[in-house]
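Peer 1: Next one to model:
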Amino acid sequence: MSTVQSTSGTSRTSESPGLVLGLRIISVALTLGLLVQAWLGSAGFFEAETGLTTAHEMLGNVFFLAAAGQLVLSFLAWQKGVGSRALAVVSAVLVAAVVAQLGLGYVGRENASAMAWHLPNGVLLMGLCTLSLALVWNRLGERR
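Peer 2: Sure thing, here's the model as predicted:
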(Lines give C-alpha, C1' and ligand atoms only; values in the text may rest on other atoms or scores of the structure.)
Protein backbone atom coordinates (compact mmCIF):
# COMPACT_ATOMS: atom_id res chain seq x y z
CA MET A 1 0.00 0.00 0.00
CA SER A 2 1.60 3.22 -1.12
CA THR A 3 1.07 6.62 0.45
CA VAL A 4 2.79 8.50 -2.36
CA GLN A 5 0.45 10.62 -4.41
CA SER A 6 0.87 11.24 -8.09
CA THR A 7 2.04 14.72 -9.01
CA SER A 8 0.23 14.59 -12.34
CA GLY A 9 -2.58 16.78 -10.99
CA THR A 10 -0.08 19.39 -9.88
CA SER A 11 1.70 19.54 -13.22
CA ARG A 12 -1.59 19.75 -15.09
CA THR A 13 -2.74 22.58 -12.87
CA SER A 14 0.41 24.52 -13.73
CA GLU A 15 -0.35 24.04 -17.44
CA SER A 16 -3.62 25.99 -17.13
CA PRO A 17 -3.03 28.66 -14.48
CA GLY A 18 -5.58 31.07 -15.97
CA LEU A 19 -8.31 28.44 -15.95
CA VAL A 20 -7.53 27.46 -12.37
CA LEU A 21 -7.41 31.08 -11.22
CA GLY A 22 -10.70 31.81 -13.00
CA LEU A 23 -12.42 28.89 -11.29
CA ARG A 24 -11.07 29.92 -7.91
CA ILE A 25 -12.23 33.51 -8.32
CA ILE A 26 -15.68 32.59 -9.59
CA SER A 27 -16.26 29.95 -6.91
CA VAL A 28 -15.46 32.47 -4.16
CA ALA A 29 -17.57 35.15 -5.86
CA LEU A 30 -20.56 32.80 -6.13
CA THR A 31 -20.37 31.73 -2.49
CA LEU A 32 -19.94 35.25 -1.12
CA GLY A 33 -22.43 36.63 -3.63
CA LEU A 34 -25.07 34.21 -2.41
CA LEU A 35 -24.61 35.44 1.16
CA VAL A 36 -25.07 39.01 -0.06
CA GLN A 37 -28.12 37.86 -2.01
CA ALA A 38 -29.69 36.32 1.08
CA TRP A 39 -29.14 39.49 3.07
CA LEU A 40 -30.48 41.77 0.33
CA GLY A 41 -33.56 39.61 -0.20
CA SER A 42 -34.45 39.18 3.45
CA ALA A 43 -33.70 42.77 4.46
CA GLY A 44 -35.60 44.08 1.45
CA PHE A 45 -38.59 41.85 2.14
CA PHE A 46 -38.85 42.17 5.93
CA GLU A 47 -37.99 45.87 6.09
CA ALA A 48 -40.03 46.73 2.98
CA GLU A 49 -36.99 48.34 1.36
CA THR A 50 -37.70 48.28 -2.38
CA GLY A 51 -34.15 49.38 -3.18
CA LEU A 52 -32.71 46.30 -1.49
CA THR A 53 -35.24 44.06 -3.20
CA THR A 54 -34.35 45.57 -6.58
CA ALA A 55 -30.65 45.04 -5.88
CA HIS A 56 -31.47 41.43 -4.91
CA GLU A 57 -33.21 40.92 -8.26
CA MET A 58 -30.42 42.49 -10.31
CA LEU A 59 -27.70 40.58 -8.49
CA GLY A 60 -29.71 37.39 -9.08
CA ASN A 61 -29.39 37.90 -12.83
CA VAL A 62 -25.64 38.53 -12.49
CA PHE A 63 -25.43 35.43 -10.30
CA PHE A 64 -26.89 33.38 -13.17
CA LEU A 65 -24.19 34.66 -15.53
CA ALA A 66 -21.47 33.82 -12.99
CA ALA A 67 -22.88 30.31 -12.47
CA ALA A 68 -22.99 29.79 -16.24
CA GLY A 69 -19.39 31.00 -16.43
CA GLN A 70 -18.37 28.51 -13.77
CA LEU A 71 -20.09 25.74 -15.71
CA VAL A 72 -18.12 26.60 -18.85
CA LEU A 73 -14.83 26.87 -16.95
CA SER A 74 -15.42 23.65 -15.02
CA PHE A 75 -16.22 21.79 -18.24
CA LEU A 76 -13.04 23.14 -19.85
CA ALA A 77 -11.02 22.22 -16.75
CA TRP A 78 -12.45 18.69 -16.85
CA GLN A 79 -11.61 18.36 -20.54
CA LYS A 80 -8.04 19.57 -19.96
CA GLY A 81 -7.60 17.23 -17.01
CA VAL A 82 -7.26 20.01 -14.43
CA GLY A 83 -10.73 19.61 -12.97
CA SER A 84 -12.94 16.76 -12.06
CA ARG A 85 -16.17 15.48 -13.50
CA ALA A 86 -17.70 16.07 -10.07
CA LEU A 87 -17.02 19.80 -10.35
CA ALA A 88 -18.61 19.92 -13.81
CA VAL A 89 -21.70 18.04 -12.55
CA VAL A 90 -22.05 20.26 -9.47
CA SER A 91 -21.69 23.33 -11.68
CA ALA A 92 -24.43 22.05 -14.01
CA VAL A 93 -26.77 21.37 -11.08
CA LEU A 94 -25.92 24.83 -9.74
CA VAL A 95 -26.98 26.47 -13.02
CA ALA A 96 -30.25 24.49 -13.02
CA ALA A 97 -30.96 25.52 -9.42
CA VAL A 98 -30.21 29.17 -10.25
CA VAL A 99 -32.65 29.05 -13.19
CA ALA A 100 -35.28 27.60 -10.85
CA GLN A 101 -34.47 30.27 -8.26
CA LEU A 102 -34.88 33.08 -10.76
CA GLY A 103 -38.21 31.67 -11.90
CA LEU A 104 -39.41 31.25 -8.33
CA GLY A 105 -38.29 34.78 -7.50
CA TYR A 106 -40.17 36.37 -10.37
CA VAL A 107 -43.30 34.26 -9.86
CA GLY A 108 -42.98 34.81 -6.10
CA ARG A 109 -43.88 38.47 -6.56
CA GLU A 110 -47.47 37.34 -7.06
CA ASN A 111 -47.53 33.81 -5.65
CA ALA A 112 -46.83 32.93 -2.01
CA SER A 113 -46.21 29.24 -2.85
CA ALA A 114 -43.42 30.17 -5.23
CA MET A 115 -41.92 32.46 -2.58
CA ALA A 116 -42.12 29.61 -0.06
CA TRP A 117 -40.00 27.46 -2.42
CA HIS A 118 -37.61 30.34 -3.14
CA LEU A 119 -36.16 30.17 0.39
CA PRO A 120 -35.31 26.43 0.58
CA ASN A 121 -33.95 26.54 -2.95
CA GLY A 122 -31.66 29.33 -1.75
CA VAL A 123 -30.42 26.98 0.97
CA LEU A 124 -29.78 24.34 -1.71
CA LEU A 125 -27.86 26.94 -3.72
CA MET A 126 -25.69 27.72 -0.70
CA GLY A 127 -24.87 24.03 -0.36
CA LEU A 128 -24.02 23.75 -4.06
CA CYS A 129 -21.85 26.88 -3.97
CA THR A 130 -20.03 25.60 -0.91
CA LEU A 131 -19.50 22.20 -2.52
CA SER A 132 -18.17 23.75 -5.73
CA LEU A 133 -15.90 26.00 -3.67
CA ALA A 134 -14.53 22.96 -1.84
CA LEU A 135 -14.01 21.06 -5.10
CA VAL A 136 -12.23 23.98 -6.73
CA TRP A 137 -9.94 24.72 -3.82
CA ASN A 138 -9.26 21.03 -3.14
CA ARG A 139 -7.05 20.75 -6.22
CA LEU A 140 -10.09 21.32 -8.43
CA GLY A 141 -11.78 18.13 -7.30
CA GLU A 142 -8.71 16.12 -8.26
CA ARG A 143 -9.53 12.80 -9.91
CA ARG A 144 -8.54 9.74 -7.93
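Peer 1: Sketch out the low-pLDDT regions of the protein for me.
Peer 2: Scanning the chain for pLDDT under 70 picks out the ranges 1-15, 139-144.
Peer 1: Please repeat the previous calculation with a cut-off of 50.
Peer 2: Within the chain, the stretches with pLDDT under 50 are 1-11, 141, 144.
Peer 1: buried ones in the strand or helix carrying Ala67?
Peer 2: For Ala67, the element it lies in under DSSP states H and E is helix 50-80. By neighbour count with 16 or more other C-beta atoms under 10 Å, helix 50-80 contains the buried residues 52-53, 55-57, 59-60, 63, 66-67, 69-71, 73-78. No exception for glycine: its C-beta is placed from N, CA and C like everyone else's.
Peer 1: and what of stretch 81-91?
Peer 2: 81-84, 86-88, 90-91.
Peer 1: Would you mind checking which of these is nearest to Val98?
Peer 2: Ser91 (10.5 Å; C-beta to C-beta).
Peer 1: So that closest one sits against Leu76, correct?
Peer 2: No - contact between Ser91 and Leu76 fails when scored by C-beta atoms under 8 Å: they sit 10.9 Å apart.
Peer 1: Report the central residue of this structure.
Peer 2: Geometric centre of the chain, nearest residue: Cys129, 4.0 Å, by C-alpha atoms, centre = their mean.
Peer 1: Next, the contact list for that residue, please.
Peer 2: Applying C-beta atoms under 8 Å, 6 or more residues apart in numbering to Cys129 gives the contacts 27, 30-31, 34, 94.
Peer 1: Okay, and which of these map to helices?
Peer 2: Within the contacts of Cys129, residues falling in helices by DSSP state H are 27, 30-31, 34, 94.
Peer 1: Could you dump those residues into a markdown table with neighbour count and distance to Gly18 added?
Peer 2: Formatted as a markdown table, those follow (neighbours: other C-beta atoms under 10 Å; distance: C-beta to C-beta, whole Å):
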| residue | neighbour count | distance to Gly18 |
| --- | --- | --- |
| Ser27 | 26 | 15 |
| Leu30 | 26 | 18 |
| Thr31 | 19 | 21 |
| Leu34 | 22 | 25 |
| Leu94 | 25 | 21 |
